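A.B. asks: Generate coordinates for the sequence data below:
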Amino acid sequence: MACTYTHRGRKMTAGVCVFFALIASHVMLQPATAKSANLRVITDGNWEEILTGEWMIEFFAPWCPACQQLQPAWNEFAEWGEDIGVNIAKVDVTEQPGLSGRFIITALPTIYHCKDGVFRRYQGARSKDDFLSFLDEKKWQSIEPVSSWFGPSSLMMNAMSALFKLSMFIRHCHNYLTEQLGVPVWGSYGIFALATLFSGLALGLVLVFVADFVFPSRRFSPDYYHRKHPTGQVRLQQSEDEQEADGEEEDDEDEYGDKAEEWQRMDGADALRRRGVGVTEEDT
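C.D. replies: Below you'll find the predicted structure:
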């Protein structure tokens, strides 16, 4: 009985210890979970949420030393987001290349302030107190906002985002070919060169077909001549030609008539001269 009791007691003691350990771990992890909940993560799928309300957004990369130094201060600043009514967020550019191109991120870390879809780039000191002062004193009003041409929702930035996504896709394909399949680097470049060449030829052929369908050639249409020379215009041209021909004939007749009159006058003058000298026309 003693061995059995002791065994049960050990089981009970072990179970109680595990229970209290779970409670302690839950209590210890709860503040960390609450802190992480204040820091929003922005991706290509939910980035349009930042177009409404007030936001402070950090663009970072895990391998960036400056980003690693800023991270503790940014986490502390995120704890105040709910109190000051500002959404604090971060964007990992290595995981979200589309957002990197959409906001033209050329340096890390980069911080943006957004108020109802109007974006301004933060250029001040990077501590929790500086961030809070920037929002409390509304220092962002003195910063010139990003032009609408370069806004993240503009057509140009949509195209830039697609270009960055395509470049990242090509990079992943290159890594897969060289690391997984063992293709040489020059072989991977050759594959991409051929793919670019054939895709360009295919795109050009499609554009030619589309242009020919939308704007067909008029030379092969049956009524091309009638479109180029309408019936009324042809008739008018024919009538003008006829009038010109009639005018030329009239000019010829007039010229011939004038010459005939001159000849008649000359003949009459000769006859008068002959009569004056007593020579008849029969003698001549």
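A.B. asks: And the strands in the stretch 101-250 of the chain?
C.D. replies: Using DSSP state E, counting those that start in this stretch, the strands of the stretch 101-250 of the chain run over 110-115, 118-121.
A.B. asks: could these go into a markdown table alongside mean pLDDT?
C.D. replies: Shown next, in a markdown table, are the strands of the stretch 101-250 of the chain (pLDDT from 0 to 100):
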| stretch | mean pLDDT |
| --- | --- |
| strand 110-115 | 94 |
| strand 118-121 | 94 |
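A.B. asks: Mean neighbour count and distance to residue 199 added to these, as TSV?
C.D. replies: Glycine gets a C-beta too; all of them are placed from N, C-alpha and C. Below are those laid out as TSV (neighbours: other C-beta atoms under 10 Å; distance: least, C-beta to C-beta, whole Å):
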stretch	mean neighbour count	distance to residue 199
strand 110-115	20	33
strand 118-121	16	34
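A.B. asks: List just the one of these that sits closest to residue 147.
C.D. replies: strand 118-121 (9.7 Å; C-beta to C-beta).
A.B. asks: Of all the strands of the stretch 101-250 of the chain, which one is nearest residue 72?
C.D. replies: Among the strands of the stretch 101-250 of the chain, strand 110-115 comes nearest to residue 72, with 15.0 Å by C-beta to C-beta.
A.B. asks: which other residues reach that closest one?
C.D. replies: Identification of contacts with strand 110-115 by C-beta atoms under 8 Å, 6 or more residues apart in numbering yields 50-51, 54-59, 103, 119-122, 126, 134, 140, 143.
A.B. asks: Just the buried ones among the residues you listed, please.
C.D. replies: Buried subset of these (neighbour count, 16 or more other C-beta atoms under 10 Å): 50, 54-59, 103, 119-120, 122, 126, 134, 140.
A.B. asks: Partner strands of the helix or strand hosting residue 55 and their direction?
C.D. replies: Using DSSP states H and E, residue 55 falls within strand 54-60. Strand 54-60 pairs in its sheet with strand 87-92 (parallel), strand 110-115 (antiparallel), by DSSP bridges.
A.B. asks: Which SSE is immediately downstream of that strand?
C.D. replies: Once the chain leaves strand 54-60, the next helix or strand it forms, by DSSP H and E, is helix 65-79.
A.B. asks: Contacts for the helix or strand just after that next one, please.
C.D. replies: For helix 65-79, the following helix or strand on the C-terminal side (DSSP H and E) is helix 81-84. Contacts to helix 81-84, defined as C-beta under 8 Å, 6+ apart, come from residues 38, 39, 56, 87, 88, 132, 135, 136.
A.B. asks: ok, now stretch 155-163?
C.D. replies: Residues outside stretch 155-163 that contact it (C-beta under 8 Å, 6+ apart) are 44, 98, 99, 101, 102, 103, 104, 149, 150, 151.
A.B. asks: Farthest pair within the buried ones among the contacts of strand 110-115?
C.D. replies: Greatest spatial distance in these: 50 and 126, 19.8 Å, computed using C-beta to C-beta.
A.B. asks: neighbouring contacts of stretch 61-75?
C.D. replies: Under C-beta under 8 Å, 6+ apart, the answer for stretch 61-75 is 35, 39, 58, 60, 88, 90, 92-94, 108-109, 126-128, 131.
A.B. asks: hey, where'd the helices end up in the chain?
C.D. replies: For the chain, helices defined by DSSP state H occupy the ranges 2-38, 65-79, 81-84, 97-102, 128-136, 155-175, 185-214, 224-228, 231-276.
A.B. asks: For stretch 186-194, buried residues please.
C.D. replies: Across stretch 186-194, burial judged by 16+ other C-beta under 10 Å covers residue 188.
A.B. asks: Restrict that stretch to CA atoms and write it as PDB.
C.D. replies: Output in PDB follows, covering the C-alpha atoms of stretch 186-194 (Å, rounded to 0.1, in the frame of the first residue of the first chain):
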ATOM      1  CA  TRP A 186      25.200  31.500 -67.000                       C
ATOM      2  CA  GLY A 187      22.700  28.800 -67.900                       C
ATOM      3  CA  SER A 188      20.000  30.500 -65.700                       C
ATOM      4  CA  TYR A 189      20.800  33.900 -67.400                       C
ATOM      5  CA  GLY A 190      20.500  32.200 -70.800                       C
ATOM      6  CA  ILE A 191      17.100  30.700 -69.900                       C
ATOM      7  CA  PHE A 192      15.800  34.100 -68.800                       C
ATOM      8  CA  ALA A 193      17.200  35.800 -72.000                       C
ATOM      9  CA  LEU A 194      15.400  33.300 -74.200                       C
END
